[in-house]
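Asks: Provided below are the primary sequence and the corresponding predicted coordinates.
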Amino acid sequence: GNSVTQMEGPVTLSEEAFLTINCTYTATGYPSLFWYVQYPGEGLQLLLKATKADDKGSNKGFEATYRKETTSFHLEKGSVQVSDSAVYFCALRSNDYKLSFGAGTTVTVRA
Amino acid sequence: DVKVTQSSRYLVKRTGEKVFLECVQDMDHENMFWYRQDPGLGLRLIYFSYDVKMKEKGDIPEGYSVSREKKERFSLILESASTNQTSMYLCASRPPTGEGTEAFFGQGTRLTVV
């Protein structure tokens, strides 16, 4: 079956630091890959996505590249802000209706 | 903007009660989902529906049922609430299957069963 493994948190950073959250997956076929973000007290919202190998998704300074050879979709941001404090979820969708999520990584950015 | 609305942000129910969690979306999406979110476990799919009156079990359906009488509304039912069902419940909707089609989430219902 499909599964997503992401880096355990929590992660605490200072403002302007570099952020990486690792995500690897197991799936049949050719999945689409997503990063969702959950700000405190809110539901999940899509941060970025990639639908095929070597695609790069980007949004709000975050980037992730779909690497089929390493089955990975690591999230990166070069300079984080306090407002980036949130829980980040890696997810995949294969040839059915369902999204499979990782366990989530809590990121706290300190001023 | 797509809007997915869950009827309650916080609920406290007693063990053995029948609990209804309601979700409404305004974008005419065919697919709707119920997840529960627990620390360290991420989101786990309880049930989903790909059309009115159609439903499919997700990964953890035990103790839950669902109802989809209208396209815009998807209800999660706890027939007899138990303390291990204390969790955050998230509803989502999505257009028909297509590459990269994103899901839209409600704000969540935090249910406590005492």
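Replies: Looks like it came in fine. Residues are numbered from 1 along each chain as shown, chains lettered A, B, ... in the order given.

Asks: which residues are contacting the lowest-mean-pLDDT helix or strand in chain A?
Replies: In chain A, the helix or strand scored least confidently by mean pLDDT, DSSP states H and E is strand A:99-101, which has a mean of 89. With contact meaning C-beta atoms under 8 Å, 6 or more residues apart in numbering or on different chains, strand A:99-101 is reached by A:2-4, A:27, A:34, A:36, A:89-94, B:33, B:35, B:42-45, B:92, B:103. C-beta: built from backbone N, CA, C; applies to glycine.

Asks: Please apply the same query to stretch A:6-16.
Replies: Residues outside stretch A:6-16 that contact it (C-beta under 8 Å, 6+ apart) are A:19, A:21-24, A:79-82, A:88-90, A:102-111.

Asks: Then stretch A:67-76?
Replies: The contact list for stretch A:67-76, computed with C-beta under 8 Å, 6+ apart, reads A:18-27, A:33, A:35, A:47, A:50, A:53-54, A:62-66, A:88, A:90, A:92.

Asks: Need the per-residue pLDDT for the most centrally placed residue in chain B.
Replies: Most central in chain B under C-alpha atoms, centre = their mean is residue B:34, positioned 2.6 Å from the mean C-alpha point. Residue B:34 is assigned 97 on the pLDDT scale.

Asks: does it sit in a helix or strand, and which one?
Replies: With secondary structure defined by DSSP states H and E, residue B:34 is part of strand B:31-38.

Asks: Are any of the contacts of stretch A:6-16 buried, and if so which?
Replies: With burial judged by 16 or more other C-beta atoms under 10 Å in any protein chain shown, the buried subset of the contacts of stretch A:6-16 is A:19, A:21-24, A:80, A:88-90, A:102-105, A:107, A:109.

Asks: Next, the buried residues of stretch B:62-79.
Replies: Going by neighbour count (16+ other C-beta under 10 Å), the buried part of stretch B:62-79 is B:64, B:66, B:67, B:68, B:71, B:72, B:74, B:75, B:76, B:78.

Asks: And the first one, how far from residue A:78?
Replies: In this case it means residue B:64. When C-beta to C-beta, to the nearest Å is the yardstick, residue B:64 and residue A:78 sit 42 Å from each other.

Asks: can you check the fourth one too?
Replies: Applying C-beta to C-beta, the value for residue B:68 to residue A:78 is 44 Å.

Asks: The last one now?
Replies: As judged by C-beta to C-beta, residue B:78 and residue A:78 stand 44 Å apart.
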